[in-house]
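Q: structure, please.
(one chain, ligands or ions: 2)
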Amino acid sequence: MKLRSLLFVPADSARKLSKSETVPADALILDLEDSVAPENKAAARKMAGDFLSEHAKDRRKQLWVRINPVIQPAALEDLAGIMHGRPDGIVQPKTRSPDDVLLLGQHLEIFEKDLGFATGSTRILPLSTETPGAIFSLGQYVRCDQRLAGLTWGAEDLGAALGAQTNKDRQGKWTSPFQLARNLCLFAAHAAGVAAIDTIYADFRDPEGLRASCDEARRDGFSGKLAIHPDQVAIINSAFTPSEEDIIQARRIVELFEANPGAAVLSLDGVMLDIPHLKQARNILAMAE
Ligand code: COA
Ligand code: MG
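A: Ligands and ions are numbered 1, 2, ... in the order given. The predicted structure is shown next:
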């Protein structure tokens, strides 16, 4: 299932939960972590659990939940409050390494067995760059099993951990520590064979900036992006959907190779095409499905 846009919805807000039903996001991320104050966590768990149950039969969008960090007792309370609602997956914050993902997987397995769900059916999407140490094990996600749905990254918590004064320069580009985190997340996701999901665009009143950020992400190999506001979703969906032109060109490339079995290099419209071009054309057709 495609995951172009994933909208965070603070799970303690009845108003935002209700609004989220009308938003055409591929996935909602019901948040129990940083957008919920400690005194509201218990209520948010109940609201997220109820929302999942109410939408048990209507899963036009995937329903994910961001729990608290797996090393905190709150994480188990989160899972106890929501797993009965059968979330499609868990967004895992402040993931320090693939070991954290494996640990969460063990917790999920206990709930799945208890509730009669297939083992491994609850996917995991880690925020893979929120702690400084996490950067050093990004190459290891290939050790994770089929629960791993993708990798995404976060700049805000990382910036706070570094004591960075900002994460963007005057032109609005990521400063170099954050570019490094972004790029390593991209490589890590592809090395593990899972989706690379770009981080949020924080200025939700800047559609042009969001569009440019999406275009750069798609250009570089991300296949989707996190969102924080309903207005961001349509822009993200359109940026991560191949255009009609892209699809026609991709089909021409695939058909050309099919018509020339055994050929590893061909030319089309005066341009050299080899196997990486064929792979890229197939990627575009897969994204378009
Ligand atoms: N999910 C669902 N609905 C949302 C929403 C979200 N993330 N953000 C805003 N809305 C709703 C608002 O409730 C409002 O609906 P209403 O007209 O029925 O009241 C409508 O969309 C327009 O919202 P707007 O007034 O433009 O924004 P706001 O000032 O109410 O909220 C934020 C701004 C940033 C606080 C809000 O977008 C938000 O909470 N985002 C998610 C934050 C988050 O989860 N952070 C953690 C991950 S980084
Ligand atoms: Mg955070």
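
Q: for the rest of this, base every contact and every neighbour count on C-alpha atoms.
A: Will do.

Q: what helices and strands are in contact with the helix or strand where residue 110 lies?
A: Assigned by DSSP states H and E, residue 110 belongs to helix 98-115. Here helix 98-115 touches strand 123-126, going by 3 or more CA pairs under 8 Å, 6 or more residues apart in numbering; DSSP states H and E.

Q: so which bits of the helix holding residue 110 are buried?
A: 98, 100, 101, 102, 104, 105, 108, 109, 111, 112 (16 or more other CA atoms under 10 Å).

Q: same thing with stretch 137-154?
A: So, applying 16+ other CA under 10 Å, buried residues of stretch 137-154: 138, 139, 141, 142, 147, 148, 149, 150, 151, 152, 153, 154.

Q: let me see the contact set for the first one.
A: Contact analysis of residue 138 by CA atoms under 8 Å, 6 or more residues apart in numbering lists 97, 98, 128, 184, 185, 188.

Q: and which of those residues is nearest residue 255?
A: Nearest to residue 255 out of the contacts of residue 138 is residue 188 (CA to CA; 31.2 Å).

Q: for the closest residue to ligand 1 within the stretch 1-150 of the chain, what are phi and psi?
A: Ligand 1 sits closest to residue 16 of the stretch 1-150 of the chain, with a gap of 3.6 Å, by CA to the nearest ligand atom. Main-chain torsions, residue 16, degrees, to the nearest 10: phi -70, psi -40.

Q: and the end-to-end length of stretch 166-177?
A: 10 Å (CA to CA, to the nearest Å).

Q: run through who's touching it.
A: 155, 156, 159, 178.

Q: buried ones in it?
A: By neighbour count on 16+ other CA under 10 Å, the buried set for stretch 166-177 is 167, 174.
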